[in-house]
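Enquirer: give me a model of this one.
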Amino acid sequence: MGLLVKTNGLRASIMKGRIMLRVSKLLLCVLLFIAFSGLARAQGILLRGIGAVNDSMAGTAIATPLDAAGAINANPASISGLQECQIGFDLGVIIPNSTVTSEIVGVSATRATAYSDAGQIPAPTMSMVYRNCPHSRFTFGLAIAGVGGAASLYSATDDGSNPILGGKARAANVQIFEILPTVSYRVTDRLALGFSPVIGLASLSINPMPLGLTAGAPIDNYGTRYTWGGGFNVGLYYDLNCNWKTGFTFKSPVWTKSLQFIGTNTNANTGIITPSNPEFAIDLPMSLGWGVSYRGISNTVIGVDVRYMDYANTKGFRDIVGDNGTVIGLGWDSVWAVSTGIEHTLTDRLKLRAGYCYNTNPIPSESQHANVGSPLMMQHVLGLGCTIGLPKSLDAHLAWTHAFQKEESGLGQTAGGYVKVTNTAHADTLIAGITKRF
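Expert: Take a look at the predicted model:
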């Protein structure tokens with residue numbers, strides 16, 4: 001009897017110890033998130049995630065591979081962590097909302113607000129991961145996706161009551177696509193290395209168009225050629241055992257050919273119209289990322305990602321006006337970003353996900369006047385989503401994200417004097433997708 005009591009006591013102690021260990025690990029995840037949240041910055045023009053699964057996790061995927069699209073985009077090495085081959089298709093719709101309010105400094109009667117009516121921006125994604133056999137050291141992937149974009153459309157006013165618009169309509173639209181062929185090699189049972197060449201395709205349309213021209217002398221822009229670019233992404237994915245995994249990634253700048261605009265210039269004195277076809281050089285920034293994930297809680301995956309993006313040293317994003325008085329960029333700062341996400345398998349056919357991204361503003365107050373068409377200042381993003389299992393190894397995905405409203409003000413200069421400009425912006429995204437596992 002005494003031996004039985006001791007055995008039961010020992011079992012109870014072991015169970016209590018295991019529970020305490022799990023609770024401790026969960027608390028460590030929470031503490032990691034809190035610690036890195038204080039360092040976070042906005043991700044700027046690039047989307048936080050691609051595809052329904054990754055977007056509902058707020059882009060968290062460097063060490064948390066849940067689907068092909070998110071893994072390829074975040075860390076090419078992490079596709080070795082996917083258990084099955086798969087092919088997926090997603091279609092997202094981004095719904096941006098923004099306003100611009102401006103007034104001549106000291107003349108409050110000039111204050112007016114314009115509302116953007118840009119409509120919806122499509123964000124398609126196609127992705128695939130393939131492994132020849134379960135024990136193969138090589139895993140191959142391919143993703144084709146819209147990875148960035150923004151849009152705004154402000155109507156003209158007859159009385160020119162909004163000083164920063166000057167009585168004219170203003171439109172801006174940027175679309176960024178990437179093709180990402182990917183290979184990951186499992187060096188050991190715990191370590192995988194990945195590489196992905198990045199093939200970029202981008203279009204930037206602004207009207208009136210000030211880029212590449214003397215400050216204060218924009219042209220009427222009628223079209224912009226798409227431009228190609230290239231770079232690479234390398235990553236590491238490591239199994240720490242005890243349900244912990246980590247990953248690191250380095251993405252080079254995506255170097256592009258200069259954008260060429262087709263427009264006309266109207267002489268303010270003579271009214272004579274002349275052709276104007278300026279060029280503007282713009283790249284995508286270099287980025288570094290680290291992530292960690294934990295799977296020690298039953299049917300649950302928790303991940304945290306931290307990223308750095310070097311906008312301040314990237315063509316097209318650094319200082320607004322160059323030494324020769326030409327507009328050379330948007331005046332952005334280099335930024336950090338942090339995201340966290342959780343997935344819980346509720347039943348054999350239903351998975352629920354939630355993600356959160358905390359950002360600070362990449363656009364300082366002194367650059368607000370130059371970013372009326374690209375007010376990408378949102379700081380808090382919430383993502384929710386689910387996966388529903390279907391027959392024949394099919395999964396249907398749904399996701400919704402909301403970027404909460406952000407307001408930022410700054411001073412700019414026009415022909416009428418200094419102008420206080422206030423941009424506000426928020427956005428919603430809806431994504432649906434389907435995945436075939438094989």
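
Enquirer: flag every buried residue along stretch 231-247.
Expert: Within stretch 231-247, the residues that qualify as buried by neighbour count (16 or more other C-beta atoms under 10 Å) are 231, 233, 234, 235, 236, 237, 238, 239, 244, 245, 247. C-betas here are computed from N, CA, C, even on glycine.

Enquirer: cool, and stretch 147-166?
Expert: 147-154, 161-166.

Enquirer: show me where the stretch 101-250 of the chain has strands.
Expert: 112-115, 121-130, 138-154, 170-186, 191-207, 220-224, 227-241, 244-251 (DSSP state E, counting those that start in this stretch).

Enquirer: need the ones you listed in a markdown table (columns: distance to residue 276 and mean pLDDT).
Expert: Below are the strands of the stretch 101-250 of the chain laid out as a markdown table (distance: least, C-beta to C-beta, whole Å; pLDDT from 0 to 100):
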| stretch | distance to residue 276 | mean pLDDT |
| --- | --- | --- |
| strand 112-115 | 26 | 89 |
| strand 121-130 | 28 | 94 |
| strand 138-154 | 22 | 92 |
| strand 170-186 | 17 | 94 |
| strand 191-207 | 12 | 94 |
| strand 220-224 | 8 | 84 |
| strand 227-241 | 18 | 96 |
| strand 244-251 | 35 | 97 |
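
Enquirer: out of these, nearest to residue 364?
Expert: Comparing the strands of the stretch 101-250 of the chain against residue 364 with C-beta to C-beta, the closest turns out to be strand 138-154 (17.6 Å).

Enquirer: quick check, residue 374 in a strand?
Expert: No: assessed with DSSP: H, G, I helix; E, B strand; the rest coil, residue 374 is coil; it does not lie in a strand.

Enquirer: would you check how far apart it and residue 214 are?
Expert: 21 Å (C-beta to C-beta, to the nearest Å).

Enquirer: wait, is residue 419 part of a helix?
Expert: No: with three-state DSSP as the criterion, residue 419 is strand rather than part of a helix.

Enquirer: check contacts around it.
Expert: Applying C-beta atoms under 8 Å, 6 or more residues apart in numbering to residue 419 gives the contacts 102, 103, 104, 105, 163, 164, 369, 411, 412, 413.

Enquirer: repeat that with 6 Å
Expert: If you count contacts by C-beta atoms under 6 Å, 6 or more residues apart in numbering, residue 419 has them with 102, 104, 163, 164, 412.

Enquirer: can I get the strands of the stretch 101-250 of the chain in JSON lines including distance to residue 314?
Expert: Shown next, in JSON lines, are those (distance: least, C-beta to C-beta, whole Å):
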{"stretch": "strand 112-115", "distance to residue 314": "29"}
{"stretch": "strand 121-130", "distance to residue 314": "22"}
{"stretch": "strand 138-154", "distance to residue 314": "13"}
{"stretch": "strand 170-186", "distance to residue 314": "13"}
{"stretch": "strand 191-207", "distance to residue 314": "13"}
{"stretch": "strand 220-224", "distance to residue 314": "19"}
{"stretch": "strand 227-241", "distance to residue 314": "12"}
{"stretch": "strand 244-251", "distance to residue 314": "12"}
